[in-house]
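Peer 1: Provided below for reference: sequence and predicted model.
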There are 2 protein chains.
Amino acid sequence: MYCLEETGKRAMQAKYVLQTLAADKKNAALEAAAKAFLARKRELLAANEKDLKNGEENGMHPGLLDRLRLTEERIRAMAEGLIEITKLPDPIGEVLEQFDRPNGLHITKVRVPFGVIGIIYESRPNVTADAFGLCFKTGNAVILKGGKDAIHSNIAISDIIREALEGEGVPKDAVQLITDTDRQVTSDFMKLDRYVDVLIPRGGAGLIRAVVENSTIPVIETGTGNCHIYIDEEADLAKAIPIVINAKTQRIGVCNACESLVIHEKIADKVLPALGKALREKDVEMRGDETARTLIPGCLPAKEEDYGTEYLDYIVSIKTVASLEEAAAHINRYTTRHSDAIITENKEHARIFLQEIDSACVYVNASTRFTDGFEFGFGAEIGISTQKLHARGPMGLKELTTYKYTIVGDGQIRP
Amino acid sequence: MYCLEETGKRAMQAKYVLQTLAADKKNAALEAAAKAFLARKRELLAANEKDLKNGEENGMHPGLLDRLRLTEERIRAMAEGLIEITKLPDPIGEVLEQFDRPNGLHITKVRVPFGVIGIIYESRPNVTADAFGLCFKTGNAVILKGGKDAIHSNIAISDIIREALEGEGVPKDAVQLITDTDRQVTSDFMKLDRYVDVLIPRGGAGLIRAVVENSTIPVIETGTGNCHIYIDEEADLAKAIPIVINAKTQRIGVCNACESLVIHEKIADKVLPALGKALREKDVEMRGDETARTLIPGCLPAKEEDYGTEYLDYIVSIKTVASLEEAAAHINRYTTRHSDAIITENKEHARIFLQEIDSACVYVNASTRFTDGFEFGFGAEIGISTQKLHARGPMGLKELTTYKYTIVGDGQIRP
């Protein structure tokens, strides 16, 4: 049986070396891993073929099969992803603050790696390479538990990385893959707090909830996005309609897609007929309240639960409100605190919305689809945090670090 | 029966008002609460008397009875604590970063309250006032669950605060006390993640472990400190001995007290006889390995578990090592990652120790007793974090906040 205790101990050993590695050493190892992906692509494709075959035999959904699939191009993208990470500045060792105390103590707050990061994710082999790259660049050891449908692909990817690291004289236990697909092992992994400093689930709402409920390791929740766009009474319709169409339909299966529209009743008769037409042209099913149904032919009635649903599909809910306050209360009630937007030309309405909405990213006159590490200019992203502890919104390299205080004295004792 | 759902909803209502309060409004309310403590001290003392009487009847330990006791002086200190908080700068609204993206989006990272903070603590009535003050100043609503032995005192304190808030036109639900002392209510409180953003346990190791294992709310672990002092082969004994005596004996029951000594064997015969004498004069029981026992008359044998024990008592463990590396490995194995120190005149040894030790506060030539919000100059403290997510080490006002991103555009959509 798979021994998690051993995995934890090996990660712990590795982290003490990784935290001291210079940036050029880390970059050289990332480059070596990228080269190895390209050189050994046949192995990767063969391993992936096994997973695809099992998936097809088990009747896997075509969308999931597509996410599981590796191609030459996708392998090249994985390699390029690691090269991109080498170009980002190394955040480790950054002095965040320093100050002297009246007693002569010199206190420095310095950025350090977490130590050991655990990541639980679904059957997407590219996450294996990605998560390794981001954790490694930030001096962390990572323990990966990927979806069981991608097990052969994940083993091949992690083996290639481990050999590349060894070739560069870096501890291969910087990355470890949990190869036992038994659910009990995943459950035990969530309780490995004596070795793992932080656990990041990446996947759907069910996976994230299971981790939050069972983990004794501090968790960074990522992901689910029931994102709203509120069209204010003073909205410019030339901005509102393209933003809604973009946020709802540019890519439907992602966490920063719009799922719910909130419309001020004073502007409803101006905006809803045109918006309804534009959404119908994109084959979006609409579920609205009475006002919306009156103004949009073919709009279905919304149930209470529609307002709380992350559809990830060509469906949107529509709610009309009598005031900005009612809009904010509605959104704060149903949002998953990911990304919400107001469309308005009124600066005071924008200010109130930015202050009142309790979400990681709050927008004025822009699409919610911009909540993304690359779009924010972070250069990389491990996920979007929807909790408030540690990190909120897009998480780049800095969000994979913590800090410690070093205190240097010359014999100070406390009176 | 006590309805936690209602408590959660009321806190949620309050938070939307609290997050918008100006600093002078918050300070006025803190002052009103401080004045009310002084004006209504008889009520407080009478309520506390009930708790003390129950405690005595239940055979409560004298040390715990002392922590439970309110006196006129302690009530004055509680009031002064709130006044001190009014003098600290308000961190809310601080712009942490802002930048423009090539597409014209203006992104601002701004400091905001968590929203709703939960605090679970033992029978210390002063924590009720303290925790309210820190959470309120940072624009958070707080839900308090204090130890059941202090229930009458806590009800009196929170009622006085709530009335003072009401008098200032501020939502009284900024502070709510869970008055049901049933364990099931505490357990349900830990799962109130739909209303509570962060949960902070304050107390002993058992309480903290129970919260970590049962909570679905993100937790900031505070507290336990198995703190080490390593006396390097190049230590200055004129610094080493006073630092050890200070860290071990200046106050024994606190988390930043020293619990374990690690000594380089090359300096053992110089340091241990004198150190043993100094510790014995303070009535400290020593438990050491063979080398320590040879050099210190009366030193008892240390068992394996001694090295992992936070005694909070006049006891210290002693371990000799052959190298700095062995010292670091020993400390990293047994530390609770609170505070650890090296005593050395060798700068390179100090540098390695500061880098290798995986603790919130790592010291060179100073007492571990300085790990404290006031000693760090933060002006206030809600606890010492021993985890790595969000905050490490002493937590002041800033550590009770999070941030959000506001993104202002003029119609941007994602290509």
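Peer 2: The structure has been received and is ready for your questions. Numbers count the residues shown, from 1 in each chain, chains lettered A, B, ... in the order given.
Peer 1: Can you report how many residues lie near the residue nearest to A:Glu221 when sequence neighbours are not counted?
Peer 2: The shortest distance from A:Glu221 to any residue that is not its chain neighbour, by CB to CB, 6 or more residues apart in numbering or on different chains, is 4.3 Å, and that residue is A:Gln387. Every C-beta, even on glycine, is put in place using the N, C-alpha and C of the backbone. Residues contacting A:Gln387 under the criterion other CB atoms under 10 Å in any protein chain shown number 23.
Peer 1: swap in the one 5 residues further on?
Peer 2: A:Arg392 has 24 neighbours, counted by other CB under 10 Å.
Peer 1: excluding its backbone neighbours, what's nearest it?
Peer 2: With sequence-adjacent residues excluded and distances taken as CB to CB, 6+ apart, A:Arg392 is closest to A:Ala360, at 4.1 Å.
Peer 1: and if you look at A:Lys25?
Peer 2: A:Val170 (7.0 Å).
Peer 1: ok, now which ones touch that neighbour?
Peer 2: By CB atoms under 8 Å, 6 or more residues apart in numbering or on different chains, the contact set of A:Val170 is A:17-18, A:21, A:25-26, A:29.
Peer 1: now the helices: where do they sit in the stretch 51-200 of chain A?
Peer 2: In chain order, the stretch 51-200 of chain A shows helices spanning A:62-68, A:72-87, A:125-137, A:151-167, A:183-189, with DSSP state H, counting those that start in this stretch as the criterion.
Peer 1: looking at these, which is buried most?
Peer 2: helix A:125-137 (a mean of 25; mean count of other CB atoms under 10 Å in any protein chain shown).
Peer 1: so what secondary structure elements neighbour that one?
Peer 2: Packed against helix A:125-137 by the contact rule (3 or more CB pairs under 8 Å, 6 or more residues apart in numbering or on different chains; DSSP states H and E) you find helix A:23-39, helix A:72-87, strand A:116-121, strand A:141-145, helix A:151-167, strand A:175-177.
Peer 1: Kindly calculate the angle that the third one makes with helix A:151-167.
Peer 2: Inter-element angle recorded for strand A:116-121 and helix A:151-167: 150 degrees (by axes from the mean of the first three to the mean of the last three CA atoms, to 10 degrees).
Peer 1: Just checking: what are the partner strands of strand A:116-121?
Peer 2: Sheet neighbours of strand A:116-121, with direction, are listed as strand A:141-145 (parallel), strand A:198-202 (parallel) (DSSP bridges).
Peer 1: got the ones you listed as JSON lines, with mean pLDDT and mean neighbour count columns?
Peer 2: Shown next, in JSON lines, are the strands paired with strand A:116-121 (pLDDT from 0 to 100; neighbours: other CB atoms under 10 Å in any protein chain shown):
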{"stretch": "strand A:141-145", "mean pLDDT": "98", "mean neighbour count": "26"}
{"stretch": "strand A:198-202", "mean pLDDT": "95", "mean neighbour count": "24"}
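Peer 1: Same list (those) but as a markdown table, adding distance to A:His228.
Peer 2: Shown next, in a markdown table, are the strands paired with strand A:116-121 (distance: least, CB to CB, whole Å):
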| stretch | distance to A:His228 |
| --- | --- |
| strand A:141-145 | 33 |
| strand A:198-202 | 23 |
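Peer 1: Looking at the helices and strands packed on helix A:125-137, which is nearest to A:Gly373?
Peer 2: With respect to A:Gly373, and counting by CB to CB, the nearest of those is helix A:72-87 at 11.4 Å.
Peer 1: got the angle for the closest one vs helix A:125-137?
Peer 2: Helix A:72-87 and helix A:125-137 meet at an angle of 10 degrees, taking the same axes, to 10 degrees as the criterion.
Peer 1: how about helix A:72-87 as CSV, C-alpha atoms only?
Peer 2: Taking C-alpha atoms only, helix A:72-87 is exported to CSV below (Å, rounded to 0.1, in the frame of the first residue of the first chain):
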residue,chain,number,x,y,z
GLU,A,72,2.4,17.2,-29.5
GLU,A,73,1.2,20.8,-29.4
ARG,A,74,0.0,20.5,-25.8
ILE,A,75,3.3,18.9,-24.7
ARG,A,76,5.1,21.9,-26.4
ALA,A,77,2.8,24.2,-24.4
MET,A,78,3.7,22.4,-21.2
ALA,A,79,7.4,22.9,-21.9
GLU,A,80,6.9,26.5,-22.8
GLY,A,81,5.0,27.1,-19.6
LEU,A,82,8.0,26.0,-17.6
ILE,A,83,10.3,28.3,-19.7
GLU,A,84,7.9,31.2,-19.1
ILE,A,85,8.3,30.6,-15.4
THR,A,86,12.1,30.9,-15.6
LYS,A,87,11.6,34.4,-16.9
